[in-house]
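*Asks:* have a look at this fold, sequence not included:
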């Protein structure tokens, strides 16, 4: 049961459920507005509990966008990946892409070879492919990004569509800095 609750809290479904609860609470509050003060106090209490239900889990389970941004940047900059980039990628002629999913924040800003890395879904990449004439094989998929309570993260990713390169990274946060403790590519 706890595993299901934690899974819901870590997913986008959590935000939809909270939205529906808030919507229902607001509807109930408006219905009871013209009733006695007792009901108003009870509804105010419900809203307070609802707000706590939203804020408390976010503080325990959500990683900051800054942490996610930092660990992704450090993954792109791994020394173990250095030999896998081709000359077009190093020159900035071929865009480096990160496939966007529920682990990647929408406001992610990372760079590789002094160029901003593009963040897009597979559908957006297909549209981009119709405009861009070059090769779009240079993309990362972050399959696992597991943050633990003791300020550690495990990342499993792949690079390239063809001839996939597996990437495994472990990092630890010390004094607000993420340090790569173990990495492997290939």
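*Replies:* Looks like it came in fine. All figures in this text were calculated on a predicted structure; none of them were measured in a lab.
*Asks:* neighbours of residue 124, just the number please.
*Replies:* By other CB atoms under 10 Å, the residues close to residue 124 number 14. Bear in mind the C-beta positions are built from the backbone N, C-alpha and C, glycine included.
*Asks:* helix/strand/coil for it?
*Replies:* Following DSSP: H, G, I helix; E, B strand; the rest coil, we place residue 124 in the helix state.
*Asks:* got it, and the one 10 residues further on?
*Replies:* Going by three-state DSSP, the secondary structure assigned to residue 134 is coil.
*Asks:* for the closest residue to it other than its chain neighbours, what are its contacts?
*Replies:* Beyond its immediate neighbours in the sequence, the residue positioned closest to residue 134 (CB to CB, 6 or more residues apart in numbering) is residue 94, lying 5.8 Å away. Contact criterion CB atoms under 8 Å, 6 or more residues apart in numbering gives 86, 88, 134-136, 138 as the residues in contact with residue 94.
*Asks:* how about JSON lines for those residues, with pLDDT added?
*Replies:* JSON lines is the format used below for the contacts of residue 94 (pLDDT from 0 to 100):
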{"residue": "86", "pLDDT": "93"}
{"residue": "88", "pLDDT": "92"}
{"residue": "134", "pLDDT": "84"}
{"residue": "135", "pLDDT": "83"}
{"residue": "136", "pLDDT": "87"}
{"residue": "138", "pLDDT": "91"}
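*Asks:* buried stuff in the helix or strand harbouring residue 154?
*Replies:* With the criterion set as DSSP states H and E, the secondary-structure element containing residue 154 is strand 152-159. Judged by neighbour count using 16 or more other CB atoms under 10 Å, the buried positions of strand 152-159 are 153, 155, 157-159.
*Asks:* same question, stretch 71-79
*Replies:* In stretch 71-79, counting by 16+ other CB under 10 Å, buried: 71-76, 78.
*Asks:* which residues outside it are in contact with it?
*Replies:* Contacts of stretch 71-79 with the rest of the structure, by CB under 8 Å, 6+ apart, involve 96, 98, 104, 108, 110-112, 117, 140, 142, 145, 153, 155, 157, 167, 169, 171, 178, 180, 183, 185.
*Asks:* of those, select the buried ones using a PyMOL command.
*Replies:* Selecting only the buried members of the contacts of stretch 71-79 in PyMOL, with burial defined as 16+ other CB under 10 Å, works like this:
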select buried, resi 96+98+104+110+112+117+140+142+145+153+155+157+167+169+171+178+180+183+185
